[in-house]
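**Student:** Fold the following and give me the result.
(one chain, ligands or ions: 2)
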Amino acid sequence: MGVAAVNEMSLRVGSGELFGLLGPNGAGKTTLHRMLTTTLFPTAGTARVAGCDVVREAPQVRDRIGVVFQEPALDDRLTARQNLELHAVLYRIHPHWLPSRVREALAWAELAGDADRPVRTFSGGMKRRLELARALLHRPPVLFLDEPTAGLDPQGRRRLWDQVTRLREGGVTVFLSTQNMAEAEGCDRVAIIDHGSLLAVGSPAEVKVLVTQRSDATLEEVFLELTGRGLRDEEATARDHLLGFARRGGELTR
Ligand SMILES: Nc1ncnc2c1ncn2[C@@H]1O[C@H](COP(=O)(O)OP(=O)(O)OP(=O)(O)O)[C@@H](O)[C@H]1O
Ligand SMILES: [Mg+2]
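**Tutor:** Numbering: from 1, shown residues only. Ligands and ions are numbered 1, 2, ... in the order given. Sure thing, here's the model as predicted:
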């Protein structure tokens, strides 16, 4: 049986917006990121990113976006500088500009003093800042970040989040997913999705009123109201159990 990881979703994100995608584990956030960043082709529907179609103009989309994947994607054996240089070559940054771009990126990520250490010696926060700086190296107008602060301590989270919000000043459009409600509160608009479908979209204040009819509600209350309180792994275990039960001809074995 196929899984419709993302289904019948219609969204519009404005230029320069900081847009947050919220949803429980397995909701379809990464699948949506993958379709918008051209690493997965949708089986139906269309999407345009920075004016280009994600299927017919995939190479043009790739030139116009920066991506930080949910899973770390740095080469641990290379230094921070080498990781950036490799990206600069892949994105055809002119050799004349390459050293200054890399230097600027290291300074922006507050990693200038650690530039020549292998990335495997970095903390999680340093790695994430480097990935963000790398995603911006070719100066894309649109940035996709899939749970960029997951797994970081409060200090690392705050540092990275400050950098993300500073991008707004530069007019970069940021599309990010997060499980952190404080971060979601800081977004211009949020979308809450579950089981591949869009449940609510608007500014944090708008979705609070829309869902709870109260302006003093928290986003967490809104999130739980829309997506339920059950743990996703428990749901899956219960479903597997029922499926197994049906396959065994409906005889309860334990
Ligand atoms: N390669 C795959 N093959 C089959 N099913 C997949 C694949 N990738 C994702 N799925 C399924 O698609 C659904 C959406 O998964 P997705 O990874 O997009 O969720 P998510 O919202 O990013 O979750 P998380 O918060 O855990 O990162 C889930 O049911 C998942 O099991
Ligand atoms: Mg994900």
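
**Student:** chain center to stretch 65-78, what's the gap?
**Tutor:** 12 Å (C-alpha atoms, centre = their mean, to the nearest Å).

**Student:** What mean pLDDT does that stretch get?
**Tutor:** Mean pLDDT, stretch 65-78: 95.

**Student:** Any idea how far apart the tips of it sit?
**Tutor:** One end of stretch 65-78 to the other measures 24 Å (C-alpha to C-alpha, to the nearest Å).

**Student:** same thing with stretch 106-116?
**Tutor:** Terminal-residue distance, stretch 106-116 (C-alpha to C-alpha): 10 Å.

**Student:** can you pull the buried residues of it?
**Tutor:** For stretch 106-116, burial by neighbour count (16 or more other C-beta atoms under 10 Å) applies to 106, 108-109, 111, 114-115. No exception for glycine: its C-beta is placed from N, CA and C like everyone else's.

**Student:** Identify the farthest-apart pair in those residues.
**Tutor:** Largest separation among the buried residues of stretch 106-116 by C-beta to C-beta: 108 and 114, giving 13.4 Å.

**Student:** In helices, which of the buried residues of stretch 106-116 appear?
**Tutor:** 106, 108 (DSSP state H).

**Student:** Among the buried residues of stretch 106-116, which one sits closest to residue 143?
**Tutor:** Checking the buried residues of stretch 106-116 one by one against residue 143 (C-beta to C-beta), the nearest turns out to be residue 108, at 13.3 Å.

**Student:** which residues touch the residue nearest to that closest one when sequence neighbours are not counted?
**Tutor:** Distances taken as C-beta to C-beta, 6 or more residues apart in numbering place residue 133 nearest to residue 108, at 5.5 Å, with adjacent residues excluded. Going by C-beta atoms under 8 Å, 6 or more residues apart in numbering, residue 133 touches 84, 105-106, 108-109, 111.

**Student:** can you count the residues close to the closest residue to ligand 2 within the stretch 151-254 of the chain?
**Tutor:** Going by C-beta to the ion, ligand 2 is nearest to residue 177 of the stretch 151-254 of the chain, at 6.6 Å. Using other C-beta atoms under 10 Å, residue 177 is surrounded by 26 other residues.

**Student:** Residue 13 now?
**Tutor:** 19.

**Student:** and it, what element?
**Tutor:** Under the criterion DSSP states H and E, no helix or strand holds residue 13.

**Student:** which non-adjacent residue is nearest it?
**Tutor:** residue 19 (4.7 Å).
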